[in-house]
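Asker: I would like the atomic coordinates for the input below:
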Amino acid sequence: MSDKIRVVVVDDHMITRSFFETTVKTSDKYELVKSFPSAEEAAEYLKANPVDLVVMDILMRKGIDGLTAAGIIKNRHPEIKIILATSTAEAKWLDMAREIGVESFWYKEYAEMSLVDVMDKTVAGEHIYLDDTTDIKLGNITKGELTDRELEVLRELVTCSTNEQIAERLNISVPTVKTHIRHMLEKTGFSDRLELAINTSKSNIVVNDRELSKK
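Answerer: Sure thing, here's the model as predicted:
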């Protein structure tokens, strides 16, 4: 019987999933027991199969997202350790993951620590989180130079919402929305709201919660 740490990897992008698989397979410490393109398949598999560690992306093109799946897995099997992988430095996800009981986060774009190092530390009982995402660039500034309300407006702006829709969702006035957008344009140096929205999406500093529920 193998004494290796049993790992399941989950990512709907084949290239990233292959990277996860290779990382596990090339380590003498870990054993890849299963690989899935969807979080739902992984959660279903874990109902009846013993696993020690799950490495899973958050955003999925179909089915439930990684955060939702992590909550289901932790509710059923709190002993299974979970590493959520993402290229998005959305601070709200950190709080959600902690509340669920997720052990660690691995940032694909910003990680100073390799995935296998995060795996090693996680199975050893450590919790790895990138708490400071404030130095990520957006135009002429960093994320930390935006106020909490400006970040809320940005989360709506990246969905191509109108000022009226943003105002309704955030329970603020349309002139207030316009003021926040104007201030962000002045800070970042972008010429208009479209350029601001496009570059925000590229930088991955925020994601609207509705993105998690897209099927």
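
Asker: what about the helices in this protein?
Answerer: 14-25, 39-45, 66-76, 91-100, 115-123, 148-157, 163-170, 174-188, 193-203 (DSSP state H).

Asker: nearest the middle, which residue of this protein would you pick?
Answerer: Nearest residue to the geometric centre of the chain (C-alpha atoms, centre = their mean): T86, 4.1 Å.

Asker: skip the chain neighbours and tell me the closest residue to that one.
Answerer: I58 (4.5 Å; C-beta to C-beta, 6 or more residues apart in numbering). In short, each C-beta sits where N, CA and C put it, glycine included.

Asker: got the contact list for the nearest residue to S203 once chain neighbours are set aside?
Answerer: Nearest residue to S203 in three dimensions, chain neighbours excluded: L138, at 5.3 Å (C-beta to C-beta, 6+ apart). Applying C-beta atoms under 8 Å, 6 or more residues apart in numbering to L138 gives the contacts 146, 188, 199-200, 203, 205.

Asker: isn't Y30 up against M119?
Answerer: Yes - Y30 sits in contact with M119 when judged by C-beta atoms under 8 Å, with a separation of 6.9 Å.

Asker: chain center to stretch 33-44: distance?
Answerer: 17 Å (C-alpha atoms, centre = their mean, to the nearest Å).

Asker: look at the residue nearest to S203 and report its pLDDT.
Answerer: With respect to pLDDT, L138 scores 87.

Asker: ditto for the one 4 residues further on
Answerer: Per-residue confidence at T142 stands at 85 (pLDDT).

Asker: wait, doesn't it sit right on K187?
Answerer: No - counting by C-beta under 8 Å, T142 stays clear of K187, with 10.0 Å between them.

Asker: quick one, which of the two is more surrounded?
Answerer: K187 (17 against 14; other C-beta atoms under 10 Å).

Asker: residues that sit against both of Y30 and M119, list them.
Answerer: Common neighbours of Y30 and M119 (C-beta under 8 Å, 6+ apart) are 7, 53.

Asker: tell me which of those two has more neighbours.
Answerer: Neighbour count, other C-beta under 10 Å: between Y30 and M119, M119 has more, with 24 against 21.
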